[in-house]
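Chemist: the following block contains a protein sequence and its predicted model.
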Amino acid sequence: MSNARQADVFPVTMTDWIHERMSLGPEGRRQLNQEIMSRYAWPLQVYFMGTRDRWLGEPTDVVQGFFASRLAKADFFANWSASGLRLRHWLINAFCFYLKELHRARRKEAREVAQADEPATAEGNPSKAADRAFAVSVVREALRLAQAQCEKEKLGAHWEIFLRHFYKGEAYADFAVDFGVDAPRAAVMARTARTKFNTALRDLLSREAPDADPDAEILSLLEGSGS
């Protein structure tokens with residue numbers, strides 16, 4: 001995994017990080033593209049599977065084709081920055097245009113009449129499905145970053161206690177002895193790891209929507225990912 005993805009080298013916002021990568025020439029742009037593909041491939045595949053245009057190909061192939069088409073454009077991220085949109089919404093909008101292009105190309109290949117202004121159509125609510133997938137991907141990334149930070153700071157036991165209590169739902173009194181501490185001490189250690197996780201989560205969301213309040217973003221993400 002690229003060093004560019006480590007928590008301690010990310011700036012406060014994704015906008016700053018994008019501009020920094022772009023200033024580093026081809027290698028910086030490669031790091032930038034890799035970050036976007038790694039974080040957003042799955043949500044875009046989920047979105048694609050919710051549209052009627054899923055006949056266009058395998059989700060992985062279609063999304064990779066989108067990345068190859070759009071991430072090669074020099075002004076793609078500058079245009080996002082100027083748009084004021086959350087990055088995932090900018091990507092979904094661009095993905096819809098790509099699906100329209102792909103739709104017309106396939107129709108042309110089949111010698112059928114293309115309806116050039118017809119948008120990529122959806123069944124149900126693919127945007128909500130994509131938001132749910134994005135929520136899961138953000139939480140997974142925050143967990144990964146927080147774990148890495150705990151391990152870096154020699155807080156591996158704190159992280160394990162955090163997972164057993166908050167993820168597995170175990171009571172501190174039932175497992176604290178495994179770590180050589182009592183329940184109150186285990187709770188303190190878990191809170192330390194939880195703080196690392198909360199910080200990582202807020203940092204990730206501030207990169208996705210630089211001008212938004214991270215706490216409001218968390219609430220919005222939870223609401224938008226609901227069924």
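Modeler: Received it, and whenever you're ready, just let me know what you need.

Chemist: look up phi and psi at residue 51.
Modeler: Dihedral angles of residue 51 (phi, psi; degrees, to the nearest 10) stand at phi -100, psi 160.

Chemist: that one and residue 45, how far apart?
Modeler: Per C-beta to C-beta, to the nearest Å, residue 51 is found 11 Å from residue 45. No exception for glycine: its C-beta is placed from N, CA and C like everyone else's.

Chemist: if I read this right, residue 143 contacts residue 197, doesn't it?
Modeler: Yes. Assessed by C-beta atoms under 8 Å, residue 143 is found in contact with residue 197 at 6.5 Å.

Chemist: what about those two, which has more around it?
Modeler: Between residue 143 and residue 197, counted using other C-beta atoms under 10 Å, the more crowded position is residue 197 (21 against 18).

Chemist: hmm, the more buried one is touching residue 142, no?
Modeler: Yes. Using C-beta under 8 Å, residue 197 is in contact with residue 142, at 5.8 Å.

Chemist: check what pLDDT residue 62 gets.
Modeler: As predicted, residue 62 sits at a pLDDT of 93.

Chemist: which other residues reach the helix or strand hosting it?
Modeler: In the assignment (DSSP states H and E), residue 62 maps to helix 59-70. Helix 59-70 is contacted from outside by 33, 36-37, 41, 44-45, 48-49, 56-57, 76, 94-95, 98-99, 102, using C-beta atoms under 8 Å, 6 or more residues apart in numbering.

Chemist: which among those residues gets closest to residue 183?
Modeler: residue 41 (41.6 Å; C-beta to C-beta).

Chemist: tally of neighbours for residue 53?
Modeler: Neighbour count for residue 53, taken as other C-beta under 10 Å: 19.

Chemist: the helix or strand hosting residue 136 packs against which elements?
Modeler: Using DSSP H and E, residue 136 sits in helix 126-152. Judged by 3 or more C-beta pairs under 8 Å, 6 or more residues apart in numbering; DSSP states H and E, helix 126-152 is in contact with helix 25-49, helix 87-109, helix 156-162, helix 183-208, helix 214-224.

Chemist: most packed of the ones you listed?
Modeler: Highest mean neighbour count among the helices and strands packed on helix 126-152 (mean count of other C-beta atoms under 10 Å): helix 156-162, with a mean of 21.

Chemist: now that helix: mean pLDDT?
Modeler: Mean pLDDT, helix 156-162: 95.

Chemist: counting contacts, what elements does that helix pack onto?
Modeler: Where contact means 3+ C-beta pairs under 8 Å, 6+ apart, helix 156-162 is packed against helix 126-152, helix 183-208.

Chemist: let me see the mean pLDDT of the last one.
Modeler: What it means is helix 183-208. 87.

Chemist: how about the helix holding residue 62: buried residues?
Modeler: For helix 59-70, the neighbour count (16 or more other C-beta atoms under 10 Å) marks 59, 62-64, 66-67, 69-70 as buried.
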